[in-house]
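A.B. asks: Sequence plus the predicted model coming up.
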Amino acid sequence: MTVSTHLHEAGYFPGTGNVTDIGIGAGRGYTVNAPYDRDISGEMFVPYFTEIAQAVYETFRPNVCVIQCGGDVISGDHLGGTNLLPGDCISCVKKILEFKVPFIFLGGGGYNIINTAKYWTALTATILNVEISKDIPENDFFLDFGPDYVIDVCKRNVKDKNNAQDLSKKVCVIKGNNQISKLKLVELSLNALFIFLF
């Protein structure tokens, strides 16, 4: 079972991942694509992700979760196309942690290496339930973290191309797809592995 949240627009590689794409062959019904438009903000993404994660969890009741947390979803990454802050993604991770199943967290893309380092540091602290200072400690790469030298990442001044109504429609499609998948899952009596990609 794979859940993928991703930018989906004409000309954006690989061009797949529409909300209606749910897998093929024996894997049909075990893919959830949760696309969004360019420059999605945390105000739109977090509720969208949370509703999808809860719906998929309730349908499949996974035994374990593998979560890939790519740094390319963080604002300032030239490839990711979002306006998300580390705190937005951490809110999503906290939702997954509520499921109380074993989990594995993985890194992923991230082409703004400073923002990716900040994100993964904050994410690791959250997963381990450790408080950390917002100030970057002095190290060999300290000057790379200027001019503010804190773990925070700034949003870009761009308009979110998403709206709540369109995202809500996608959630409805995903929930409908899940019902088809649930019938197949019951029929096969499978244990689910839940993989989140964002």
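C.D. replies: All right, it came through fine.

A.B. asks: Going by C-alpha atoms from here, please, whenever you check contacts or count neighbours.
C.D. replies: Noted.

A.B. asks: And the helices in this protein?
C.D. replies: In chain order, the chain shows helices spanning 42-60, 86-97, 113-127, 164-188, with DSSP state H as the criterion.

A.B. asks: And I127, how far from G109?
C.D. replies: As judged by Cα to Cα, to the nearest Å, I127 and G109 stand 19 Å apart.

A.B. asks: on that earlier part again, between the helices of the chain, which gets nearest to G76?
C.D. replies: Proximity of the helices of the chain to G76 was assessed by Cα to Cα; the nearest stretch is helix 113-127, lying at 7.4 Å.

A.B. asks: now G29: how far from D39?
C.D. replies: When Cα to Cα is applied, the distance between G29 and D39 equals 28 Å.

A.B. asks: Ok, I74 next?
C.D. replies: For I74, the distance to D39 under the criterion Cα to Cα works out to 10 Å.

A.B. asks: So for those two, which sits in the more crowded spot?
C.D. replies: Between I74 and D39, counting by other Cα atoms under 10 Å, I74 is the more crowded of the two (29 against 21).

A.B. asks: Distance of that one relative to K95?
C.D. replies: Looking at I74 against K95, where the rule is Cα to Cα, the gap reads 18 Å.

A.B. asks: Kindly report the same for G76.
C.D. replies: Applying Cα to Cα, the value for G76 to K95 is 24 Å.

A.B. asks: okay, those two: which has more neighbours?
C.D. replies: A side-by-side neighbour count of G76 and K95, using other Cα under 10 Å, places G76 first with 23 against 17.

A.B. asks: Was I right to think the more buried one contacts I114?
C.D. replies: No. Distance between G76 and I114: 9.7 Å, which falls outside the contact criterion (Cα atoms under 8 Å).

A.B. asks: any low-confidence regions in the chain?
C.D. replies: Confidence mapping of the chain against pLDDT under 70 gives the ranges 180-198.

A.B. asks: run the last query once more with 80
C.D. replies: By pLDDT under 80, the low-scoring segments of the chain are 13, 178-198.

A.B. asks: List the contacts of V173.
C.D. replies: With contact set as Cα atoms under 8 Å, 6 or more residues apart in numbering, V173 has these partners: V19, T20.

A.B. asks: now swap in G80 and tell me
C.D. replies: For G80, the contacting residues are L7, D72, V73, I74, taking Cα under 8 Å, 6+ apart as the criterion.

A.B. asks: Dihedrals phi and psi, it?
C.D. replies: phi -70, psi -30 (degrees, to the nearest 10).

A.B. asks: which ones are touching the closest residue to L167 other than its chain neighbours?
C.D. replies: For L167, the nearest residue in space outside its immediate sequence neighbours is Y48; the separation is 6.6 Å by Cα to Cα, 6 or more residues apart in numbering. Contact criterion Cα under 8 Å, 6+ apart gives L167, S168, V171 as the residues in contact with Y48.

A.B. asks: Distance check, Y48 against F105.
C.D. replies: With Cα to Cα as the criterion, Y48 and F105 are 21 Å apart.

A.B. asks: can you check F60 too?
C.D. replies: When Cα to Cα is the yardstick, F60 and F105 sit 20 Å from each other.
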